[in-house]
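K.L.:
kindly generate the corresponding structure for this input.
(chains A, B, C and D)
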There are 2 protein chains.
Amino acid sequence: MQNLLFDFISKYISLTEEEKSTLLSLNLFHSVKKGTILLKEGQKSNESYFVLKGCIRSYYNIDGEEKTTAFYTEMEALVPPSVLSKTPSPYYVSCIEDCILTISNTDMEEEINRKFPKFETMCRMMSEELLAKERIDFDAFKTSSPEQRYLNLLQVRPDLIQRVPQHQLASYLGIKPQSLSRLRARILQKN
Amino acid sequence: MQNLLFDFISKYISLTEEEKSTLLSLNLFHSVKKGTILLKEGQKSNESYFVLKGCIRSYYNIDGEEKTTAFYTEMEALVPPSVLSKTPSPYYVSCIEDCILTISNTDMEEEINRKFPKFETMCRMMSEELLAKERIDFDAFKTSSPEQRYLNLLQVRPDLIQRVPQHQLASYLGIKPQSLSRLRARILQKN
DNA sequence: TCATCTCGTTAACTTAAGTTAAGAAAAGAC
DNA sequence: GTCTTTTCTTAACTTAAGTTAACGAGATGA
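P.N.:
Numbering: from 1, shown residues only, chains lettered A, B, ... in the order given. Just a heads-up that it's a prediction; the model follows:
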């Protein structure tokens, strides 16, 4: 598991053995059971998550209904807005599967940034990259229909459709579960 | 104009006079006429934009139709994905109004980061902040109807509705211009 | 000035998503 | 294993967005 993390980091910066052991001394790694709620709406947590194995989701409670807006799988990071703005979290985060995560908090990140300035370089690069990706994804969402979005998801993240419950996928695609069912039936008929 | 930029920067880091004059020596400031295309689809530009005055928009050409996906107004930054990934730009960027922008390129940014490490800290903070904001906006888009999106826009960016053509607003809201017209008429009737 | 093009609106019709409800299948609890 | 709950699907009906077309206002340009 540690190697998964170090391999990922090595895409941005190179770490010395000393830096690696400093990271390991922080006790970042956690096993979390399916169904665990990592963050609740309203909470002022300062924890960030990086998925080594498994899948976590963010969801809102709107008029008593769960609206899933994002999934984070292997080698993806979630820094909730509450971490940066110190405001209550607008959404929940929970584990869809048994997960192995790194969980860090603001203090730990500040400490690492102080000890190893290149760690900040990595964070900058990752944030810039993720921001660009998020904007492109948002653009694609705006400019396509629910059916196109589903077909696109089949192309770019086929695993998600297998491992995630349909009703959560539906709100991720911006529609109701019944509409997703219908849309899938429509696609099957066409072929 | 320079003060607008320095005031903005001062929200993240404090600059010495020396640092300010180094920034000024880079010739960042540009006046750009309404209608100017700053970036074309397919181009491998490495320029980033920061809006001091005016409004720029990003748009895609999909089946011969312009699909506007984002507007950047005063004190907002656009770092196109092509800058980071060195791939052709997926979209166009053009000026909706006469603008005053700072235009920088990768080389300039690297030079500044090398001279003033705290500049990188600012970039990291801005990227993290913008990523969090972008995700929240995307979530809100997914979980609401076109009508709710329009009403929300009226609340949070009423200026946009005034200064931007309707048909560009429509694709920004993920619908057709005719649907936006109808939706507005529907809202008026309700009151 | 006149002609042209763009933009916003309206209308009629089509298509697809939302809503409500019901039933079957699968998962989870005891 | 049975009971309960959740999840997925289907169907009928409603609502709203997409599509096509037409018109008027305003801007643009020769």
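K.L.:
buried set for the longest helix anywhere in chain A?
P.N.:
Counting by DSSP state H, the longest helix found in chain A is helix A:117-142. Across helix A:117-142, burial judged by 16 or more other CB atoms under 10 Å in any protein chain shown covers A:119-132, A:134-135, A:137-142. From N, CA and C alone the C-beta is placed, and that goes for glycine too.
K.L.:
so for that helix, mean pLDDT?
P.N.:
Helix A:117-142 comes out with an average pLDDT of 95.
K.L.:
list the helices and strands it packs on?
P.N.:
helix A:106-115, helix A:146-156, strand B:65-72, helix B:81-85, helix B:117-142 (3 or more CB pairs under 8 Å, 6 or more residues apart in numbering or on different chains; DSSP states H and E).
K.L.:
which residues of chain A lie near DNA strand C?
P.N.:
Within reach of DNA strand C by CB under 7 Å from any atom of the strand, chain A has these residues: A:145, A:146, A:147, A:174, A:175, A:176, A:178, A:179, A:182, A:183, A:186.
K.L.:
could you pull up the residues touching the residue lying closest to residue A:143 once chain neighbours are set aside?
P.N.:
Excluding its sequence neighbours, the residue lying closest to residue A:143 (CB to CB, 6 or more residues apart in numbering or on different chains) is residue B:67, at 4.6 Å. Taking CB atoms under 8 Å, 6 or more residues apart in numbering or on different chains as the criterion, residue B:67 is in contact with A:142, A:143, B:59, B:60, B:61, B:171.
K.L.:
double-check the second one against residue B:60; I have them as touching.
P.N.:
Yes. Contact criterion CB atoms under 8 Å: residue A:143 and residue B:60 qualify, at 6.2 Å.
K.L.:
overlap in contacts of those two?
P.N.:
Taking CB under 8 Å, 6+ apart as the contact rule, residue A:143 and residue B:60 both touch B:67, B:69.
K.L.:
list the beta-bridge partners for the spatially most central residue of chain A.
P.N.:
By CA atoms, centre = their mean, chain A has its centre lying nearest to residue A:72, at 2.8 Å. Bridge pairing for residue A:72 (DSSP bridges) gives the partners residue A:56.
K.L.:
how close does it sit to residue A:104?
P.N.:
15 Å (CB to CB, to the nearest Å).
K.L.:
whether stretch A:182-191 contacts chain B - can you check?
P.N.:
No. If you take CB under 8 Å from any CB of the partner chain as the test, stretch A:182-191 misses chain B, and the best it gets is 15.8 Å.
K.L.:
what's the answer for stretch A:24-44, then?
P.N.:
No. Stretch A:24-44 is not in contact with chain B by CB under 8 Å from any CB; minimum separation 12.4 Å.
K.L.:
now do that stretch: distance to the chain's middle.
P.N.:
Centroid separation for stretch A:24-44 versus its chain: 13 Å, with CA atoms, centre = their mean, to the nearest Å.
K.L.:
and that stretch, end to end?
P.N.:
Terminal residues of stretch A:24-44 lie 26 Å apart, using CA to CA, to the nearest Å.
K.L.:
equivalent analysis for stretch A:168-184, please.
P.N.:
15 Å.
K.L.:
over to stretch A:28-46?
P.N.:
Termini of stretch A:28-46 sit 14 Å apart (CA to CA).
K.L.:
what is the burial count for the closest residue to residue A:116 other than its chain neighbours?
P.N.:
Ranked by CB to CB, 6+ apart and with sequence neighbours excluded, the top spatial neighbour of residue A:116 is residue A:19, at 5.7 Å. Neighbourhood size, residue A:19 [other CB atoms under 10 Å in any protein chain shown]: 18.
K.L.:
check which helices and strands whichever strand or helix holds residue A:19 sits against.
P.N.:
Here residue A:19, judged by DSSP states H and E, is contained in helix A:17-24. With contacts defined as 3+ CB pairs under 8 Å, 6+ apart, helix A:17-24 has these neighbours: helix A:2-9, helix A:106-115.
K.L.:
circling back to that earlier point, what's opposite the residue nearest to residue A:143 in the beta bridge?
P.N.:
residue B:60.
K.L.:
that one and DNA strand D, how far apart?
P.N.:
11 Å (CB to the nearest atom of the strand, to the nearest Å).
K.L.:
residue A:51 touches residue A:75, doesn't it?
P.N.:
Yes. Using CB under 8 Å, residue A:51 makes contact with residue A:75 at a distance of 7.0 Å.
K.L.:
looking at the two, which is more packed in?
P.N.:
Between residue A:51 and residue A:75, counting by other CB under 10 Å, residue A:51 is the more crowded of the two (21 against 14).
K.L.:
give me the secondary structure label for that one.
P.N.:
For residue A:51, the assignment made with DSSP: H, G, I helix; E, B strand; the rest coil gives strand.
K.L.:
of the residues of chain A next to DNA strand C, just the buried ones, ChimeraX syntax please.
P.N.:
To isolate the buried members of the residues of chain A next to DNA strand C in ChimeraX, using 16+ other CB under 10 Å:
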select /A:146,147,174,175,183
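K.L.:
what does chain A put close to DNA strand D?
P.N.:
Residues of chain A lying near DNA strand D by CB under 7 Å from any atom of the strand: A:145, A:165, A:166, A:167, A:168, A:177, A:178, A:180, A:181, A:182, A:184, A:185.
K.L.:
from those, which ones fall inside helices?
P.N.:
A:166, A:167, A:168, A:177, A:178, A:180, A:181, A:182, A:184, A:185.
K.L.:
now, which of those residues sits nearest residue B:156?
P.N.:
Comparing these against residue B:156 with CB to CB places residue A:168 closest, at 27.4 Å.
K.L.:
for the closest one, give its distance to residue A:62.
P.N.:
14 Å.
K.L.:
show me where pLDDT drops low in chain A?
P.N.:
A:191 (pLDDT under 70).
K.L.:
and if we set it to 50?
P.N.:
In the predicted model, chain A carries no residue with pLDDT under 50.
K.L.:
buried sites along the next helix-or-strand element following the helix holding residue A:19?
P.N.:
Per DSSP H and E, the first helix or strand lying C-terminal to helix A:17-24 is strand A:29-32. Across strand A:29-32, burial judged by 16+ other CB under 10 Å covers residue A:32.
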